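Starting from these lines, generate the structure:
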Amino acid sequence: MMCERTPVSLALVDALAAPAAELLGRRALPVRAKATRYFGGSDWHRDCELDVASVGLVAYLEPLTADSGALRVQPGSHADPTAPVATGAGTALATQPGDLIAFDEHLVHGSDGGHDRRQWRVDFVADPEDAAEADRLRTYFSLIYPVDWDGGYDVDRFPSYGRYWMRANRPWTERLRALGVYGYADAQEHAVRMARSAR
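Residues are numbered from 1 along each chain as shown. Predicted structure coming up:
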């Protein structure tokens with residue numbers, strides 16, 4: 001949801017860059033905004049296993065409670081990202097449409113129960129300050145955009161970073177290019193096109 005067909009999503013990316021930078025303690029770079037429809041629970045997991053400073057910002061379009069699929073977290077689990085993912089009830093974060101949850105991507109989280117629910121999400125990473133951080137961030141993006149993954153969305157109508165994104169010349173456009181992010185996204189979307197045309 002990073003193109004001219006998703007103007008509200010793009011406006012949210014722009015608006016949330018400053019809060020993300022405050023949470024990360026330095027300039028933040030957007031990963032990508034996306035919408036996901038969930039049909040049930042999700043197992044406990046971390047969104048990031050790498051030594052990369054990143055924050056996820058999520059909003060649900062339906063009211064959610066502990067019984068209807070609200071996000072559950074294990075408080076403090078981000079402090080030691082190498083610790084095994086534990087099981088247990090965790091803490092449910094009830095939300096109403098318009099609420100936004102911000103969390104460290106190393107935080108263990110999941111959900112239990114619930115039916116159809118829609119989530120909008122954007123992640124931000126800290127702009128690397130040295131070569132080692134930049135290398136870890138490139139690894140992070142290569143895992144975000146694996147060439148063997150097909151998320152089922154229309155990669156031509158809704159590209160991760162398409163012409164519209166490039167022409168808008170947002171504050172991060174050239175920095176993401178220098179880090180090779182567009183290459184990872186383009187390679188994934190090209191692989192999806194090729195696989196679908198072969199069917």
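
The chain: strands as residue ranges?
Assigned by DSSP state E, the strands in the chain fall at 28-38, 42-45, 54-60, 68-73, 91-93, 101-104, 109-113, 117-126.

Tell me where the model's unsure across the protein.
For the chain, no stretch is flagged by pLDDT under 70.

Geometric centre of it: which residue is closest?
Asp123 (3.9 Å; Cα atoms, centre = their mean).

Now do the same contact list for that residue.
Asp123 sits next to 30-32, 47, 54-57, 105 when contact means Cβ atoms under 8 Å, 6 or more residues apart in numbering. Just so you know, the C-beta spots here come from the backbone N, C-alpha and C atoms, and that holds for glycine as well.

mind checking which of the strands of the chain is nearest Arg163?
strand 28-38 (15.5 Å; Cβ to Cβ).

and the closest one, what does it pack onto?
helix 7-24, strand 117-126, helix 131-144 (3 or more Cβ pairs under 8 Å, 6 or more residues apart in numbering; DSSP states H and E).

Off-centre distance for the longest one?
Mean-position distance between helix 7-24 and its chain equals 12 Å (Cα atoms, centre = their mean, to the nearest Å).

what comes into contact with that helix?
Contact with helix 7-24 is made by 1-3, 27-28, 30, 33, 35, 53-55, 57, 100, 102, 120, 122, 124-126, 168, 170-172, as judged by Cβ under 8 Å, 6+ apart.

and of the strands of the chain, who's closest to Ala185?
With Cβ to Cβ as the yardstick, what comes closest out of the strands of the chain is strand 28-38 (7.6 Å).
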